[in-house]
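# Got a predicted structure here, sequence first:
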Amino acid sequence: MNFTAGATIILPGSVLALMAAGLVAGWGLLAWLTRSGKRSNTNHTDRDWSIPQLGDSATTRSLFHRWDVRFKLVSLITFAFFVVAVRSLPAASAAMLMALICVPLARLPFYRALRRLLAMSGFLVMFIVIMPLTVPTQPEDTLVVFAGMEGISFNLRGAILALTICCKAFAVALLMEPLLATAPLSVTLEGLSRLGVPDKITRMIHLAHRYIFVFLEETRRMATGMKVRGFRKRTNMETLRMTGNFLGMLFVRGFERTYRVYDAMLARGYDGTFQELHRFRSSIGDWLKATFWILLGMVLLGVDRLYLGG
């Protein structure tokens, strides 16, 4: 079928049904792979929820693990900006493929990357559904009309634009895995401080990330206690009242815990700063890897603008 500029393509309604079924099947497959991967990597012993999850693969050895955190932050974030700047679907797809290859290269559990993509997919699918219907039609646009829905036309340019946005979002999300999970969080925050990020911000991130899992476990235990006492979610005022009490109690417990945490930190000699325990030493390999990623981003953007019509 020839999709010429300014043409109107009429397709059977079954094609639209197949496309919708494909989206649902793809989302279901992603969810199944995420759950199966999580089960295969789950430790059946009781987890210490006071230990953050970010950087729990930092003991693995790979090119990303051996990379100085300062260079890794600057180069991968710069590459992510280049990815966001591309405008064509082939360039965005190539960036997503590069980011996808980084996950096995960093020797990270693939189900975590899939879980990140699954969390984003529900929002990004709305772009694929809405943008073909809402993008302003231009004379050179190709429109697709499905039989039985002649009053609704789908703009092919809008669909391509939506797919480009999704690919770029997935690429940046996948880059966060080798960026954040290949070094302990404390080392990453020290690297940010060395790069000029204010110490107050890094301390807030450190404390927030460390204790968010404690509060999540507290929420889970409170929800389990309510369920044991016979609470069931329903669409009535009683459920709203119990949910309000639950949120209020969680807020009070969290507020009380912050005082206990702060008193414990003072008892251990906390004076408003964290000791820097990591000694950064750059090598020629760190410079080469940083140069490679920045040049790769520049090449990707250059090809997009000069040859792909971005």
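It's in. Numbering: from 1, shown residues only.

# Strands of the stretch 101-250 of the chain, residue ranges please.
With strands called from DSSP state E, counting those that start in this stretch, the stretch 101-250 of the chain shows them at 143-146, 153-155.

# Show me where the stretch 1-150 of the chain has its helices.
All helices of the stretch 1-150 of the chain, identified by DSSP state H, counting those that start in this stretch, fall at 13-40, 69-85, 89-105, 110-134.

# where in the stretch 1-150 of the chain is pLDDT low?
For the stretch 1-150 of the chain, residues meeting the criterion pLDDT under 70 lie at 1-6, 37-60.

# Next, count neighbours for the residue nearest to I9 when sequence neighbours are not counted.
Closest residue in space to I9, ignoring its immediate chain neighbours: V144 at 4.9 Å, by C-beta to C-beta, 6 or more residues apart in numbering. Where you see a C-beta, it was placed from the backbone N, CA and C, and this is true even at glycine. Residues lying near V144 (other C-beta atoms under 10 Å) number 19.

# Show me what V144 bridges to in the sheet.
I9, F154 (DSSP bridges).

# correct me, but it touches R157?
No - the criterion here is C-beta atoms under 8 Å, and V144 misses it with R157 at 10.7 Å.

# Which residue is the nearest non-sequential neighbour of the spatially most central residue of the chain?
For the chain, A173 is the residue whose C-alpha lies nearest the centre (C-alpha atoms, centre = their mean; 3.9 Å). Distances taken as C-beta to C-beta, 6+ apart put R116 closest to A173, at 5.2 Å, once the chain neighbours are dropped.

# Now do the contacts for that neighbour.
Applying C-beta atoms under 8 Å, 6 or more residues apart in numbering to R116 gives the contacts A173, L174, M176, E177.

# again, 10 Å this time
R116 is in contact with T34, F170, A173, L174, M176, E177, counting by C-beta atoms under 10 Å, 6 or more residues apart in numbering.

# Repeat that for I294.
Counting by C-beta under 10 Å, 6+ apart, I294 touches V74, S75, L76, T78, F79, F82.

# Got a quick PyMOL command for the buried subset of those residues?
Burial among those is assessed by 16 or more other C-beta atoms under 10 Å; the matching PyMOL selection reads:
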select buried, resi 74+75+76+79+82
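
# shared neighbours of V144 and R157, anything?
Here V144 and R157 share the contacting residues P132, scored by C-beta under 10 Å, 6+ apart.

# returning to that earlier point: reformat the helices of the stretch 1-150 of the chain as CSV; add distance to N236.
Converted to CSV, those look like this (distance: least, C-beta to C-beta, whole Å):
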stretch, distance to N236
helix 13-40, 30
helix 69-85, 45
helix 89-105, 45
helix 110-134, 27
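
# of the ones you listed, which approaches T202 most closely?
helix 69-85 (12.1 Å; C-beta to C-beta).

# now for that closest one, which elements pack on it?
Here helix 69-85 touches helix 89-105, helix 156-180, helix 185-194, helix 284-306, going by 3 or more C-beta pairs under 10 Å, 6 or more residues apart in numbering; DSSP states H and E.

# Name the residues of stretch 152-172 that are buried.
Residues of stretch 152-172 classed as buried by neighbour count (16+ other C-beta under 10 Å): 153-172.

# Restrict that stretch to CA atoms and write it as CSV.
Backbone C-alpha positions of stretch 152-172 (Å, rounded to 0.1, in the frame of the first residue of the first chain) are rendered in CSV as follows:
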residue,chain,number,x,y,z
ILE,A,152,-13.0,10.0,12.3
SER,A,153,-9.6,10.3,10.5
PHE,A,154,-6.3,9.3,12.0
ASN,A,155,-3.3,11.5,11.1
LEU,A,156,-0.3,9.4,10.3
ARG,A,157,2.1,12.2,11.1
GLY,A,158,0.5,12.4,14.6
ALA,A,159,1.0,8.6,15.1
ILE,A,160,4.7,8.9,14.0
LEU,A,161,5.1,11.9,16.4
ALA,A,162,3.6,9.9,19.3
LEU,A,163,5.9,6.9,18.6
THR,A,164,8.9,9.2,18.5
ILE,A,165,8.0,10.6,21.9
CYS,A,166,7.5,7.1,23.3
CYS,A,167,10.9,5.9,22.0
LYS,A,168,12.7,8.9,23.5
ALA,A,169,11.0,8.5,26.8
PHE,A,170,11.9,4.8,26.9
ALA,A,171,15.5,5.5,25.9
VAL,A,172,15.9,8.0,28.8
